[in-house]
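A.B. asks: Kindly generate the corresponding structure for this input.
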Amino acid sequence: MSRMSAFQQAKLFLVDTTGLDKDALHIHVSLILYLGSCLAFRWKARQWMPWLIVLLAALTGEALDIREQFAGPWPMQWAESAKDIVNTLIAPTMIMLAARLSPLFGASGHQPEMPGGAAGSEGNV
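C.D. replies: Numbering: from 1, shown residues only. Sure, this is the predicted structure:
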């Protein structure tokens, strides 16, 4: 019998402590990472960097899950891994697109030419 990794134990602890299922935790963690990285690094929601942080976290988590599946007696669950990545990225993707394309975050869908700067630069926008 295979021993459960610290990563899996932490996930189960979060499920037990919060009362949320694993799919909901993916969404909550992604929002914490996305918005937290925006605040911590002063990135704007329209930039790629916060989204890339969430992508890196999702891929790392799934790599750890897959490693555990290889080491244990469990069958590979590729569809579950794909679903987890989509669940993790859906909300940050929607926020980033809304920030880039809608007036919701003050974006107009195009970048006006700024005096003294190149059109489309992210200087003061």
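A.B. asks: tell me what the worst-scoring helix or strand of the chain on mean pLDDT is packed against?
C.D. replies: The helix or strand of the chain with the poorest confidence is helix 6-18; it has a mean of 89 (mean pLDDT, DSSP states H and E). When contacts are defined as 3 or more CB pairs under 8 Å, 6 or more residues apart in numbering; DSSP states H and E, helix 6-18 sits against helix 22-41, helix 48-71. To be clear about C-beta, it is placed using only N, CA and C from the backbone, and glycine gets the same treatment.
A.B. asks: got TSV for those helices, with distance to S102 and mean pLDDT too?
C.D. replies: Below are the helices and strands packed on helix 6-18 laid out as TSV (distance: least, CB to CB, whole Å; pLDDT from 0 to 100):
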stretch	distance to S102	mean pLDDT
helix 22-41	17	96
helix 48-71	16	93
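A.B. asks: nearest to F105, of the ones you listed?
C.D. replies: helix 22-41 (11.2 Å; CB to CB).
A.B. asks: buried stuff in the least confident helix or strand of the chain?
C.D. replies: By 16 or more other CB atoms under 10 Å, the buried positions in helix 6-18 come out as K11.
A.B. asks: now do stretch 49-63
C.D. replies: So stretch 49-63, judged by 16+ other CB under 10 Å, has buried residues P50, W51, I53, V54, L55, A57, A58, G61, E62.
A.B. asks: closest to L12 among those residues?
C.D. replies: Closest to L12, out of all of these and judged by CB to CB, is G61, at 13.7 Å.
A.B. asks: what residues are up against that closest one?
C.D. replies: G61 makes contact with F7, D84, T88 under the criterion CB atoms under 8 Å, 6 or more residues apart in numbering.
A.B. asks: Surely L104 touches M96?
C.D. replies: No. Checked against CB atoms under 8 Å, the pair L104 and M96 is beyond contact range at 11.7 Å.
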